[in-house]
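K.L.:
mind looking at a prediction? Sequence and model below.
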Amino acid sequence: MKHLAAMFMLMVSLSAAADGELATVDEVLNSLHETASTASFEKYFALYDDSAVFIGTDASEVWSKKEFKAYAKPHFDKGRGWTYLPKDRNIYFSPDKNVAWFDELLDNESLGETRGTGVLVKKAGSWKITQYHLTIPIPNEIADDVAEQIKAIK
């Protein structure tokens with residue numbers, strides 16, 4: 001019985017730890033969107049790992065952190081960030097709880113519904129974004145038409 005009680009307490013503490021990690025990763029992603037919206041350059045890029053990659057909606061947009069900073073700086077310097085409002089998010093963890101990946105649906109004034117996906121790594125006790133990928137989900141009903149439009153401009 002003592003072993004069963006000890007196992008139960010371990011499961012409860014592991015569950016609480018997982019919930020704490022979930023809340024922390026969720027907070028990092030919320031901060032990402034908040035600091036982008038307020039054009040807080042230093043705070044925004046502090047959320048990214050030095051090895052981070054940002055993948056944008058255009059096929060040509062695969063940027064290192066340094067390249068993405070160069071793209072963002074003129075916008076942020078003018079006080080113009082970008083606002084994506086999260087409306088649904090799923091977060092998953094590796095068994096050792098040192099890697100997290102996510103998918104989220106976002107609302108954006110000009111693009112409408114978008115999707116962000118990415119990966120975070122835990123280094124020295126802090127979660128850092130190592131990849132963020134912004135996409136525009138295309139409804140299946142219009143996917144063929146959109147594909148034809150893309151082919152036409154290539």
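P.N.:
Cool, the structure landed.
K.L.:
CA atoms for contacts and neighbours, from now on please.
P.N.:
Noted.
K.L.:
where does the prediction get shaky in this protein?
P.N.:
Along the chain, segments meeting pLDDT under 70 span 1-18.
K.L.:
in it, spot the strand with the most residues.
P.N.:
strand 112-123 (DSSP state E).
K.L.:
so what are the sheet partners of that strand and their directions?
P.N.:
Using DSSP bridges, strand 112-123 pairs in its sheet with strand 99-108 (antiparallel), strand 126-135 (antiparallel).
K.L.:
next one: that strand to chain centre, how far?
P.N.:
2 Å (C-alpha atoms, centre = their mean, to the nearest Å).
K.L.:
got the buried residues for stretch 27-42?
P.N.:
Of the residues in stretch 27-42, Val28, Leu29, Leu32, His33, Glu34, Thr35, Ala36, Ser37, Ala39, Ser40, Phe41 count as buried by neighbour count, 16 or more other C-alpha atoms under 10 Å.
K.L.:
ok, now stretch 116-131?
P.N.:
Buried-residue list, stretch 116-131, by 16+ other C-alpha under 10 Å: Gly116, Thr117, Gly118, Val119, Leu120, Val121, Lys122, Trp127, Lys128, Ile129, Thr130, Gln131.
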